[in-house]
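Novice: Here you go, sequence then predicted model.
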Amino acid sequence: MLAADPGASIASIAAEAGVDRRTVYRRFASREDLLAAIYEARLTAIEHAIEDARLREAPVAVALHRYVENIIAVNRTWPVDLARMLADESVHARRDASIHEVDTFLRRATDDGLLRPDLPQGWASALLPQLMHLVSREMPHLSPGQAADVVVDTLLRGLGTP
């Protein structure tokens with residue numbers, strides 16, 4: 001609900017979940033606490049997705065596909081924007097660490113010849129999340145694996161070495 005309507009009330013969230021509003025407030029003292037729990041869950045899922053992809057040690061093509069597939073699943077499970085929580089220093093630091101890990105991997109992919117070295121610095125880092133977000137929202141009929149196939153193919157045909 002919050003992905004579709006960030007202003008959704010606690011009462012409407014409770015009704016959608018099939019519980020009373022008081023039940024939500026017993027668990028979360030405020031709307032901000034509920035949002036913080038949602039963002040925490042999404043951020044943790046992203047960290048697990050990165051860890052599971054084994055970006056530092058798996059073969060580059062395998063790690064890329066696994067990472068994309070994992071993040072598409074996260075995007076579909078937790079379709080909320082982390083940008084709203086970036087004012088929180090701990091969230092910001094964790095997000096920055098995740099971005100650094102992926103950027104390091106994309107440099108590895110370039111060094112290994114999977115991505116073109118002549119593109120502007122940061123282009124793959126900017127494009128990849130946009131592709132994952134787009135396929136997560138616009139192609140819900142595809143499984144995460146199928147959606148990852150589309151993203152990786154698009155990334156490599158557009159950024160891959162000729």
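Specialist: Nice, I can see it. Numbering: from 1, shown residues only.

Novice: does the residue nearest to the spatial centre of the chain sit in a helix, a strand or a coil?
Specialist: Averaging the C-alpha coordinates of the chain gives a centre point, and the residue nearest to it by CA atoms, centre = their mean is I71 (4.6 Å). On the three-state scheme (DSSP: H, G, I helix; E, B strand; the rest coil), I71 is labelled helix.

Novice: Let me know the helix or strand that the spatially most distant residue from the centre of the chain is in.
Specialist: Of all residues in the chain, R22 sits farthest from the chain's C-alpha centroid, using CA atoms, centre = their mean; the distance is 31.2 Å. Element membership of R22 [criterion: DSSP states H and E] is helix 21-27.

Novice: Output that helix as CSV, restricted to C-alpha atoms.
Specialist: Listed next in CSV are the C-alpha coordinates belonging to helix 21-27 (Å, rounded to 0.1, in the frame of the first residue of the first chain):
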residue,chain,number,x,y,z
ARG,A,21,-5.6,-0.1,13.7
ARG,A,22,-4.8,-0.7,17.4
THR,A,23,-3.0,-3.9,16.5
VAL,A,24,-0.7,-1.9,14.2
TYR,A,25,-0.1,0.7,17.0
ARG,A,26,0.7,-2.1,19.5
ARG,A,27,3.6,-3.1,17.3
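
Novice: That one packs against which elements?
Specialist: For helix 21-27, the contact count by 3 or more CB pairs under 8 Å, 6 or more residues apart in numbering; DSSP states H and E identifies helix 10-17 as packing neighbours. Where C-beta positions appear, they are placed from N, C-alpha and C, glycine not excepted.

Novice: In the host helix or strand of T104, which residues are buried?
Specialist: Here T104 is covered by helix 89-111, with elements defined by DSSP H and E. Burial within helix 89-111, assessed by neighbour count using 16 or more other CB atoms under 10 Å, is assigned to V91, R94, R95, S98, E101, V102, F105, L106, R108, A109, T110.

Novice: Can you name the residues in contact with it?
Specialist: Residues lying outside helix 89-111 but in contact with it, judged by CB atoms under 8 Å, 6 or more residues apart in numbering, are 39-40, 43, 46-47, 50, 55-56, 60, 63-64, 67, 82, 85-86, 115-117, 122, 124-125, 128.
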